[in-house]
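>>> Compute the structure for the input listed below.
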Amino acid sequence: MEQLLAFWPYVVTLLNVVLSVIATGHAVLSKRDTRAAIGWVGVVWLAPILGVLLYVWLGINRIERRARLLRADRPRLGLSTGVGECRATLPDEARTLAGLPLEPLVRLVRDVTRRPLLAGNRVTPLVNGDQAYPAMLEAIDAATKSVTLSTYIFAHDGAGQRFLDALRRAVCRQVEVRVLIDDVGARYSWRPMPRVLRKAGIPCAQFLRTMIPWRVQYSNLRNHRKILVVDGRIGFTGGINIHEQNCLEQHPRRPVQDLHFRATGPVVAQFQEAFADDWAFCTGELLQGDSWFSAVEPDGPVLARGIPDGPDDDFETLRLTLLGAIACARASILVVTPFFLPDASLIAALNVATLRGVQVDIVLPAENELKLVQWASTALLWQVLQRGCRVWLSPPPFDHTKLMLVDELWTLLGSANWDPRSLRLNFEFNVECYDRELATSLTDLAQTKIQRSQRLTMADVDRRGLPRRLRDGVARLFSPYL
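Sure thing, here's the model as predicted:
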């Protein structure tokens with residue numbers, strides 16, 4: 001027995017060396033950031049056993065791994081299902097944009113998303129729920145074949161009731177209806193809507209059921225997409241959830257500004273693809289055929305492409321799109337976002353654009369509904385301010401608008417924010433559009449916001465007291481998870 005006990009230190013040492021070598025190999029092979037790899041290797045070797053346990057607990061990216069595993073055994077539609085009929089009549093995208101400064105961006109997004117840029121679309125901005133909800137409800141009431149609706153929040157309030165009634169009427173007309181609600185977003189109001197919808201005979205699924213007892217603002221792997229498609233021909237997307245607070249004309253207690261878009265033309269099939277993929281993932285039902293995917297005729301001047309993004313097969317498609325758009329900008333970049341926590345590469349890209357002579361404007365809400373995000377964002381704003389980017393703080397009500405404009409020609413709209421949660425952890429859907437008239441109208445809208453906003457300067461950031469700077473700095477440490 002004494003001889004056996006004498007060998008225990010050697011066994012433990014050998015076990016620590018083996019596990020440390022394995023953990024080191026994993027960090028070296030999987031960490032994209034060299035500094036992160038070096039840091040974890042140091043922790044593994046300088047803290048025997050404990051370092052390995054910490055790496056297993058905190059160092060392995062389980063978000064992407066879990067998302068891929070969750071979808072691995074579920075049906076997944078092929079890319080561009082249902083758009084083949086309308087693609088043959090489209091002009092070649094390279095010929096359409098030949099000679100334009102943004103032509104490289106067309107190729108970049110095509111290769112990243114593996115989706116075509118489609119001509120012949122019309123995209124109409126809808127400001128707040130006051131414009132968006134009536135247009136969406138009118139489309140649902142006119143549906144003859146199908147309605148698909150995906151949303152993060154579907155509140156059980158006046159706005160939610162109007163959508164419930166419209167969907168019920170569609171079902172009574174023998175229209176095929178499918179509703180997908182994120183399981184966390186479904187809990188933003190008492191009496192979650194999925195149960196109410198199913199009771200009304202409306203097929204409804206919840207994305208990634210969770211044991212979380214109540215809404216959690218910082219939860220991972222959520223479906224943050226907002227997509228409505230009617231008869232495979234009319235699509236809506238943007239940043240607006242279904243919630244009474246988006247109807248500013250009704251003076252809600254906590255009003256929220258936002259922007260949504262109505263689209264017609266071939267790109268709507270890509271809206272439907274994104275919904276059908278999520279629906280198949282959640283239910284196993286494949287949505288195929290003319291009821292869901294219609295042969296859509298060209299309807300406008302906009303070149304557009306859907307950009308799904310999520311921690312699975314579409315990992316970092318949006319981040320790469322942002323980097324490409326910033327790199328291609330020649331005159332102006334205008335960003336409107338409620339949550340601004342870009343990583344080092346995006347900050348560097350914005351700064352380089354400014355140093356190249358591009359005017360970069362970033363519009364953020366002066367009062368954010370997520371205080372921790374606002375504190376973390378404030379802690380990093382000096383990194384863009386010091387190189388000449390202009391930051392504007394828009395007054396209340398809280399502005400949930402998500403928009404990016406480049407050279408008054410290229411528009412990016414959709415559900416994603418400029419933060420790690422949207423760019424790495426959640427499922428998002430955005431649309432890129434090439435059209436000068438659309439971009440100009442949206443630039444005018446953003447400039448109206450800027451005229452009402454206060455410009456933030458380096459002096460303002462430096463003027464914060466020590467307690468506030470410490471608070472903001474600590475919050476920034478959590479930015480990869482906000």
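
>>> any idea which helix or strand carries residue 271?
Residue 271 is part of helix 268-283 when elements are defined by DSSP states H and E.

>>> Would you mind identifying the next helix or strand past that helix?
Note on helix 268-283: by DSSP H and E, the next helix or strand toward the C-terminus is strand 302-309.

>>> could you give the mean pLDDT of that following strand?
Confidence over strand 302-309 (mean pLDDT, whole number) is 96.

>>> just stretch 25-41 next, same as before
Stretch 25-41 carries an average pLDDT of 74.

>>> mind exporting stretch 389-400 as CSV, just the C-alpha atoms?
Backbone C-alpha positions of stretch 389-400 (Å, rounded to 0.1, in the frame of the first residue of the first chain) are rendered in CSV as follows:
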residue,chain,number,x,y,z
CYS,A,389,-15.5,58.6,-36.8
ARG,A,390,-18.4,60.7,-35.8
VAL,A,391,-20.8,59.3,-33.1
TRP,A,392,-24.3,60.7,-32.6
LEU,A,393,-26.6,60.0,-29.7
SER,A,394,-30.2,60.1,-30.7
PRO,A,395,-32.8,61.3,-28.1
PRO,A,396,-35.6,59.2,-26.7
PRO,A,397,-37.7,57.3,-27.5
PHE,A,398,-35.3,54.4,-27.7
ASP,A,399,-34.2,53.8,-31.3
HIS,A,400,-34.1,50.1,-32.3
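
>>> Which residues does that stretch contact?
Contacting residues not belonging to stretch 389-400 are listed as 239-240, 248, 254-258, 336, 338, 350-351, 354, 359-369, 381, 384-385, 449-450, 452-456 [CB atoms under 8 Å, 6 or more residues apart in numbering]. (Each C-beta comes from the backbone N, C-alpha and C, glycine too.)

>>> Now list the buried members of these.
With burial judged by 16 or more other CB atoms under 10 Å, the buried subset of the contacts of stretch 389-400 is 239-240, 248, 255-258, 336, 338, 350-351, 354, 360-365, 368-369, 381, 384-385, 449-450, 453, 456.

>>> Out of these, which sit inside helices?
Among the buried ones among the contacts of stretch 389-400, the ones falling in helices (DSSP state H) are 350, 351, 354, 384, 385, 449, 450.

>>> Residue 199: which of those is nearest?
The shortest separation between residue 199 and any of these is 40.9 Å, and it belongs to residue 449 (by CB to CB).

>>> Show me the helices in the stretch 51-200 of the chain, by range?
Listed from the start of the chain, the stretch 51-200 of the chain has helices (DSSP state H, counting those that start in this stretch) covering 62-72, 84-87, 93-96, 103-113, 128-141, 158-172, 193-199.

>>> comparing these, which gets the lowest mean pLDDT score?
Least confident of the helices of the stretch 51-200 of the chain, judged by mean pLDDT, is helix 84-87 with a mean of 41.

>>> Mind telling me what element residue 235 is part of?
strand 234-238.

>>> who touches that strand?
Judged by CB under 8 Å, 6+ apart, the contacts made with strand 234-238 from elsewhere in the structure are 126, 132, 135-136, 139, 225-229, 258-264, 267-268, 271-272, 402, 413-415, 429, 431.

>>> how much does that strand deviate in direction from helix 128-141?
160 degrees (axes from the mean of the first three to the mean of the last three CA atoms, to 10 degrees).

>>> So in that sheet, which strands flank strand 234-238, and in what orientation?
Pairing partners of strand 234-238, with direction, according to DSSP bridges: strand 227-230 (antiparallel), strand 259-264 (antiparallel).

>>> what's the most buried one of the ones you listed?
Of the strands paired with strand 234-238, the one with the most neighbours on average (mean count of other CB atoms under 10 Å) is strand 227-230, at a mean of 27.

>>> So residue 274 sits against residue 309, correct?
No - the criterion here is CB atoms under 8 Å, and residue 274 misses it with residue 309 at 9.9 Å.

>>> Looking at those two, which one has more neighbours?
For residue 274 against residue 309, the residue with the higher neighbour count under other CB atoms under 10 Å is residue 309, and the figures read 29 against 25.

>>> Just the ones of the buried ones among the contacts of stretch 389-400 in strands?
Secondary structure assignment by DSSP state E places 256, 257, 336, 360, 361, 362, 363, 364, 365, 456 of the buried ones among the contacts of stretch 389-400 in strands.

>>> now, which of those residues sits nearest residue 166?
Compare each of those with residue 166 using CB to CB and the shortest gap goes to residue 256, at 21.5 Å.

>>> Surely that closest one and residue 246 touch.
Yes - assessed by CB under 8 Å, residue 256 is found in contact with residue 246 at 5.5 Å.

>>> Next secondary structure element downstream of the longest helix along the chain?
Taking residue count as the measure and DSSP H as the definition, the longest helix of the chain comes out as helix 2-30. Sequence-wise, the next helix or strand downstream of helix 2-30 (DSSP H and E) is helix 34-46.

>>> Show me how the chain divides into domains.
Recorded structural domains for the chain (assignment: automatic domain parsing) are 2-60, 79-104+116-304, 317-481.

>>> Excluding residues flanking it in the chain, which one is nearest residue 125?
Distances taken as CB to CB, 6 or more residues apart in numbering put residue 261 closest to residue 125, at 5.9 Å, once the chain neighbours are dropped.

>>> Hmm, the one you found is touching residue 124, no?
Yes - using CB under 8 Å, residue 261 and residue 124 qualify as a contacting pair, with a distance of 6.5 Å.

>>> Between these two, which contacts overlap?
Here residue 261 and residue 124 share no contacting residue, scored by CB under 8 Å, 6+ apart.

>>> Tell me where the protein is predicted with low confidence.
By pLDDT under 70, the low-scoring segments of the chain are 1-7, 10, 31-33, 35-36, 57-100, 210-220, 480-482.

>>> Determine the longest strand present in it.
For the chain, the strand with the greatest residue count under DSSP E is strand 118-127.

>>> so how far is residue 121 from the closest residue to residue 374 other than its chain neighbours?
Excluding its sequence neighbours, the residue lying closest to residue 374 (CB to CB, 6+ apart) is residue 368, at 3.7 Å. Using CB to CB, to the nearest Å, one gets 33 Å for the distance from residue 368 to residue 121.

>>> picking up where we left off before, can you tell me the strand partners of the longest strand of the chain and which way each runs?
Using DSSP bridges, the strands paired with strand 118-127 are strand 259-264 (antiparallel), strand 302-309 (antiparallel).

>>> tell me the angle of it relative to helix 268-283?
Using the same axes, to 10 degrees: strand 118-127 against helix 268-283 is 80 degrees.

>>> Distance from strand 118-127 to the middle of the chain?
When distances are taken as CA atoms, centre = their mean, to the nearest Å, strand 118-127 is centred 19 Å away from the chain's centroid.

>>> Buried residues, that strand. List them.
Of the residues in strand 118-127, those buried (16+ other CB under 10 Å) are 118, 119, 120, 121, 122, 123, 124, 125, 126.

>>> Then stretch 14-23?
Counting neighbours by 16+ other CB under 10 Å, the buried set in stretch 14-23 is 16, 19, 20, 23.
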